[in-house]
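Undergrad: missing the sequence, but the structure's below:
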């Protein structure tokens, strides 16, 4: 996958790295009673766009690796890329779960009661999980590309 001759993956990851943490923080703000109503639809739209960016980053990363035999040669770089890929898969599924929770919270939008607390708790867990995983996945990718030996 390319855009104007450049591999899509290094471009696409920037969307996920920026959008996922912003929307995860938006989700946590949505849980506050003061902002519950105002952030309902921005949360839903943001979560769908963030999940879409993770899907594009994941698929383009898979394509990028398949198109470059260098990444599949056994060695320390391939091991780092394997770690990055494993974390990316976990981030993909966690992001999808986060998107589902955002959708349920926005559509059902309970004002009070046990359903609000259950959906809110699940949304908070997913928000924290995607925050942690986007950092871990990005770090693993950066270590694979810019690890030891590179100076800037």
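TA: Structure received. Everything numeric here is computed off the predicted structure, so don't read it as measured data. Residues are numbered from 1 along each chain as shown.
Undergrad: which residues touch residue 49?
TA: By C-beta atoms under 8 Å, 6 or more residues apart in numbering, the residues touching residue 49 are 19, 23. All C-beta atoms are positioned from the backbone trio N, CA, C, and that covers glycine.
Undergrad: actually residue 127, sorry about that
TA: Residue 127 touches 24-25, 27-28, 98, counting by C-beta under 8 Å, 6+ apart.
Undergrad: helix or strand next in line after the lowest-mean-pLDDT helix or strand in the chain, which one?
TA: Least confident helix or strand, the chain: strand 2-3 with a mean of 80, by mean pLDDT, DSSP states H and E. Later in the chain than strand 2-3, the nearest helix or strand by DSSP states H and E is strand 6-7.
Undergrad: give me the mean pLDDT for that next one.
TA: The average pLDDT within strand 6-7 is 82.
Undergrad: and if you look at stretch 77-94?
TA: Stretch 77-94 shows a mean pLDDT of 93.
Undergrad: any residues touching that stretch, and which ones?
TA: Contact with stretch 77-94 is made by 16, 54-55, 57-58, 61-62, 65, 71-72, 126, 129-130, 133-134, 136-137, 140-141, 143-144, 147, as judged by C-beta under 8 Å, 6+ apart.
Undergrad: just the buried ones from these?
TA: Among the contacts of stretch 77-94, those scoring as buried are 16, 54-55, 57-58, 61, 65, 71, 126, 129-130, 133-134, 136-137, 140-141, 144 (criterion: 16 or more other C-beta atoms under 10 Å).
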